[in-house]
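**Q** Next input, structure requested:
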Amino acid sequence: MTNNQTLEGILHLFSETGTEGGFWAFQDSNYISQDNKSWSYDGLHILKDGDQLTIYNPQNNQEIWSGNIDLIPYKPFKETAGQFWIHADQKNIERETWAEYFFKEYKAKLIKKN
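**A** From the prediction side, this is the model:
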């Protein structure tokens, strides 16, 4: 990926066997099938400190949050969002609000930290 490349895609909580909880993640739309039934690991980006993220309201496509990822990490099996174990919270935003963006797969743009 070239420096400062802006990716377009959707947010989700990534979890699979062995992750011991969920990670806040972004799926590049270039790696989602047209029927939205399959996603490639090639488009998976686990959010990390310093990544720049912009989130859009699904009703009107207006920006509802934008900033740098700055996570508060947790040990496995210590914190939950909804009924899911999570590995981190984003600083300065309520967990329930942040989690909704990911559980409802809001559209977003991502610039990965180099």
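
**Q** hey, where'd the helices end up in this structure?
**A** Shown for the chain, the helices assigned by DSSP state H span residues 95-103.

**Q** where exactly do the strands run in it?
**A** In the chain, the strands defined using DSSP state E lie at 6-14, 23-28, 44-46, 52-56, 63-68, 71-73, 79-81, 84-86, 88-90, 107-111.

**Q** other SSEs contacting the fourth one?
**A** Applying 3 or more Cβ pairs under 8 Å, 6 or more residues apart in numbering; DSSP states H and E, one finds that strand 52-56 contacts strand 63-68, strand 107-111. Where you see a C-beta, it was placed from the backbone N, CA and C, and this is true even at glycine.

**Q** Would you convert those strands into a markdown table that also reports mean neighbour count, mean pLDDT and distance to Lys75?
**A** Below are those laid out as a markdown table (neighbours: other Cβ atoms under 10 Å; pLDDT from 0 to 100; distance: least, Cβ to Cβ, whole Å):
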| stretch | mean neighbour count | mean pLDDT | distance to Lys75 |
| --- | --- | --- | --- |
| strand 63-68 | 14 | 98 | 24 |
| strand 107-111 | 19 | 98 | 26 |
